[in-house]
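Novice: Below: sequence and its predicted model.
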Amino acid sequence: MPVLVHDLLARTAEITPSNPAIRHKEASLTFSELSVSVSKQAHALSAVGLLRQQRVAVYLPKQVETVVSYLAVSQAAGVFVPVNPVLKAEQVAYILQDCNVRVLITSQSRLNGLMGVLAACTDLHTVIVTDSTEELPAIAGVRVLSWAGLSRLEPSAAKPANPVIIDTDMAAILYTSGSTGKPKGVVLSHRNIVTGAKSVAQYLEIVPEDRILAVLPFSFDYGLNQLTTALLKGACCVLMDYLLPKDVVNALTRYRITGLAAVPPLWAQLAQLQWPASIDEHLRYMTNSGGKMPKATLERIRDNAPSARFFLMYGLTEAFRSTYLPPDQIDLRPDSMGKAIPNAEIVVVREDGTPCAPHEPGELVHRGSLVALGYWNDPEKTAERFRPAPGRAHELPIPEIAVWSGDTVTMDEEGYLYFVGRKDDMIKTSGYRVSPTEVEEVIYSTGLVSEAAVVGVPHPILGQAIVAVISTSQAETPTDNLIEVCRQRLPNFMVPASIQLLHSLPRNPNGKIDRKQLAAQFARLYEEGAHE
């Protein structure tokens with residue numbers, strides 16, 4: 001069985017070499033063809049000086065080169081860093097600097113957009129451009145190669161073509177927003193990713209005949225898993241970056257998709273469309289994670305494909321996926337997150353680590369081989385979230401580390417879990433976690449406000465909408481200017497949906513801005529019929 005990320009491909013290429021592995025628009029590669037491309041690129045990455053466990057950022061939409069890059073980096077003993085293609089130059093530069101990226105793989109247009117920030121990325125020594133149609137730009141101290149030029153390189157004879165790595169080595173770093181400040185890099189081992197693929201493939205019962213539509217970003221662990229489960233089981237992964245929800249429905253029909261994973265905002269959009277009846281002939285399963293699925297949306301989706309099984313899931317990047325609700329339980333307990341996925345244990349504990357009684361709210365703690373290695377270069381935040389597992393024997397000299405999620409849940413007598421809320425101020429919108437502080441920093445940088453607080457409020461489509469509440473000494477309300485600056489400097493999902501002006505922001509007894517009061521004050525902003 002595979003133990004390393006690139007083994008997912010190598011093993012399947014031996015068993016079913018001629019089966020389709022990935023498809024993107026009109027391009028398609030079999031498992032054998034994909035394996036050959038990956039091996040060639042892995043040797044070329046070694047030739048450009050990539051060393052064991054060094055980071056390679058991949059800043060691309062979902063396409064053939066993206067998949068080849070992840071697997072080639074893994075085979076070359078590097079660490080791949082998927083960068084969400086919707087991020088702007090400032091956020092990309094932060095990631096490149098934070099985890100000391102040595103090689104960047106991107107497109108010509110995306111590289112053009114990064115030219116103003118790459119000088120600050122001092123660890124970067126090579127940029128690989130996948131679609132070069134013009135003269136490659138010159139970047140001081142950086143080697144710039146085309147994708148075709150990279151594949152012609154040969155590794156040094158002095159360096160091993162396949163460096164030794166084991167399953168506990170780093171495989172990837174996924175960046176996710178924290179409750180304060182900049183995003184945190186969640187470090188995943190080969191064991192984390194491979195175990196996640198095996199676990200999800202088990203309960204979804206994925207088989208080689210499946211065709212999985214990958215519409216979520218690979219920078220999400222949930223999105224990346226669409227690829228890894230397909231590689232593990234010899235299924236075909238269809239890569240797609242959609243513009244309109246209708247494009248997803250058309251793809252379901254065109255490629256006769258059997259498996260679809262999405263987040264609540266996309267499901268809400270898909271529920272408003274008319275699905276061809278033929279989709280129900282081949283769509284075998286659907287999954288949701290990234291937020292609670294509204295009952296009305298779930299009912300409409302299930303009506304569109306009544307033969308498909310729907311799985312409600314809960315997960316966090318720090319432990320990949322934690323729970324799932326079997327389809328036969330949806331009508332019995334539609335508000336439940338389900339039970340632990342295979343090879344994981346989920347416990348609900350009080351602040352002192354003792355187990356909660358049935359229906360008693362407590363913190364969800366996840367233990368097992370899916371628990372990540374921690375946050376890149378951040379021992380303080382790692383110590384907050386990655387702590388000794390509760391209930392383990394004190395006699396063990398080295399304690400087992402679990403993920404303390406920060407989410408408050410309850411568990412019933414049968415072991416089914418129910419989400420209550422979060423301990424911190426994180427905003428969950430469109431399936432993304434957004435740090436209020438990161439948005440506030442951009443607003444403060446304009447000099448147009450005296451105070452600012454960003455909160456999440458309920459939204460029927462997004463899950464939560466981002467609302468910025470400000471006070472200002474300006475004679476005119478700077479709403480339009482603030483929104484424009486946010487659009488220039490932040491990805492779309494982080495731009496406030498609304499800016500509200502108050503004479504002064506409320507304070508709690510500690511003198512801090514009372515975010516909970518603000519969230520309650522504007523909670524009905526996006527209710528049907530409410531004035532926006």
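Specialist: Thanks, I have it. Residues are numbered from 1 along each chain as shown.

Novice: What residues does the most centrally placed residue in the chain make contact with?
Specialist: To find the centre residue of the chain, average its C-alpha atoms and take the closest one (Cα atoms, centre = their mean): that gives Phe220, at 1.4 Å. Phe220 makes contact with 174, 290, 317, 431, according to Cβ atoms under 8 Å, 6 or more residues apart in numbering. (C-beta placed from N, C-alpha, C; glycine too.)

Novice: one more time with 10 Å, if that's ok
Specialist: The contact partners of Phe220, by Cβ atoms under 10 Å, 6 or more residues apart in numbering, come to 82, 84, 174, 176, 226, 261, 263, 289-290, 315, 317, 431-432.

Novice: Strands along the stretch 201-350 of the chain, start to end?
Specialist: The residue ranges that make up the strands of the stretch 201-350 of the chain, judged by DSSP state E, counting those that start in this stretch, are 211-214, 236-239, 259-262, 285-288, 309-314, 323-325, 339-340, 344-349.

Novice: in stretch 487-501, what counts as buried?
Specialist: Using 16 or more other Cβ atoms under 10 Å as the test for burial, stretch 487-501 gives 489-491, 493-500.

Novice: Touching, Thr472 and Pro478? I think so.
Specialist: Yes: in this structure, Thr472 sits in contact with Pro478. The criterion is Cβ atoms under 10 Å, and the distance is 6.3 Å.

Novice: quick one: pLDDT of the nearest residue to Phe310 once chain neighbours are set aside?
Specialist: Nearest-residue entry for Phe310: Met286, 5.0 Å, with adjacent residues in sequence omitted and distances by Cβ to Cβ, 6 or more residues apart in numbering. In this prediction, Met286 carries a pLDDT score of 98.

Novice: For Pro85, grab phi and psi.
Specialist: Reported as degrees, to the nearest 10, the phi and psi values for Pro85 are phi -70, psi -10.

Novice: residue contacts, it?
Specialist: The neighbours of Pro85, taking Cβ under 10 Å, 6+ apart as the test, are 58-62, 66, 92, 106-107, 110, 217-219, 241, 491.

Novice: So what sits opposite the residue lying closest to Gly259 once chain neighbours are set aside in the bridge?
Specialist: Counting by Cβ to Cβ, 6+ apart, the nearest residue to Gly259 once its immediate chain neighbours are dropped is Ile212, at 4.3 Å. Assessed by DSSP bridges, Ile212 has beta-bridge partners Cys237, Gly259.

Novice: For stretch 344-358, the averaged confidence score.
Specialist: Taken as a whole, stretch 344-358 has a mean pLDDT of 96.

Novice: what about that stretch, start to end distance?
Specialist: With Cα to Cα, to the nearest Å applied, stretch 344-358 spans 20 Å between its terminal residues.

Novice: And that stretch, how far out from the chain middle?
Specialist: Averaging C-alpha positions (Cα atoms, centre = their mean, to the nearest Å) puts stretch 344-358 26 Å from its chain's average.

Novice: Okay, buried residues for that stretch please.
Specialist: Taking 16+ other Cβ under 10 Å as the neighbour-count basis, stretch 344-358 is seen to contain the buried residues 344, 346-349, 353, 356.

Novice: Let's have these in a markdown table, adding distance to Lys198.
Specialist: Written out in a markdown table, the entries for the buried residues of stretch 344-358 read as follows (distance: Cβ to Cβ, whole Å):
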| residue | distance to Lys198 |
| --- | --- |
| Ala344 | 12 |
| Ile346 | 18 |
| Val347 | 22 |
| Val348 | 25 |
| Val349 | 27 |
| Gly353 | 29 |
| Cys356 | 30 |
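
Novice: if we can go back for a sec, among the strands of the stretch 201-350 of the chain, which is nearest Pro2?
Specialist: Nearest to Pro2 among the strands of the stretch 201-350 of the chain is strand 236-239 (15.9 Å), distances taken as Cβ to Cβ.

Novice: count of residues packed around the residue nearest to Phe310?
Specialist: If you count neighbours by other Cβ atoms under 10 Å, Met286 ends up with 23.

Novice: I'd like the distance between it and Ile346.
Specialist: Between Met286 and Ile346 the computed distance is 23 Å (Cβ to Cβ, to the nearest Å).

Novice: And for Pro208?
Specialist: 31 Å.

Novice: CA-only coordinates of the helix or strand that contains Lys516, as CSV, when you get a sec.
Specialist: Assigned by DSSP states H and E, Lys516 belongs to helix 515-521. What follows is helix 515-521, C-alpha atoms only, in CSV (Å, rounded to 0.1, in the frame of the first residue of the first chain):
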residue,chain,number,x,y,z
ARG,A,515,-17.0,42.0,18.6
LYS,A,516,-19.8,39.8,20.0
GLN,A,517,-22.0,42.8,20.6
LEU,A,518,-21.3,44.1,17.1
ALA,A,519,-22.0,40.7,15.5
ALA,A,520,-25.3,40.6,17.4
GLN,A,521,-26.1,44.2,16.5
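
Novice: Enumerate the positions of the longest strand seen in the chain that are buried.
Specialist: Among the segments of the chain that qualify as a strand by DSSP state E, the longest is strand 401-411. Of the residues in strand 401-411, those scored as buried under the neighbour-count criterion (16+ other Cβ under 10 Å) are 401-407, 409-411.

Novice: Likewise for stretch 424-439?
Specialist: For stretch 424-439, the buried set under the neighbour-count rule, 16+ other Cβ under 10 Å, comprises 425-436, 438-439.

Novice: Let's have these in TSV, adding pLDDT.
Specialist: Compiled in TSV, the buried residues of stretch 424-439 are given as follows (pLDDT from 0 to 100):
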residue	pLDDT
Asp425	77
Met426	81
Ile427	90
Lys428	87
Thr429	91
Ser430	87
Gly431	83
Tyr432	87
Arg433	82
Val434	89
Ser435	83
Pro436	87
Glu438	85
Val439	91
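
Novice: Same list (those) but as JSON lines, adding secondary structure and distance to Gly185.
Specialist: Rendered in JSON lines, the data for those read as follows (DSSP: H, G, I helix; E, B strand; the rest coil; distance: Cβ to Cβ, whole Å):
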{"residue": "Asp425", "secondary structure": "coil", "distance to Gly185": "21"}
{"residue": "Met426", "secondary structure": "coil", "distance to Gly185": "17"}
{"residue": "Ile427", "secondary structure": "strand", "distance to Gly185": "20"}
{"residue": "Lys428", "secondary structure": "strand", "distance to Gly185": "20"}
{"residue": "Thr429", "secondary structure": "strand", "distance to Gly185": "21"}
{"residue": "Ser430", "secondary structure": "coil", "distance to Gly185": "21"}
{"residue": "Gly431", "secondary structure": "coil", "distance to Gly185": "19"}
{"residue": "Tyr432", "secondary structure": "strand", "distance to Gly185": "16"}
{"residue": "Arg433", "secondary structure": "strand", "distance to Gly185": "14"}
{"residue": "Val434", "secondary structure": "strand", "distance to Gly185": "17"}
{"residue": "Ser435", "secondary structure": "coil", "distance to Gly185": "14"}
{"residue": "Pro436", "secondary structure": "helix", "distance to Gly185": "20"}
{"residue": "Glu438", "secondary structure": "helix", "distance to Gly185": "15"}
{"residue": "Val439", "secondary structure": "helix", "distance to Gly185": "20"}
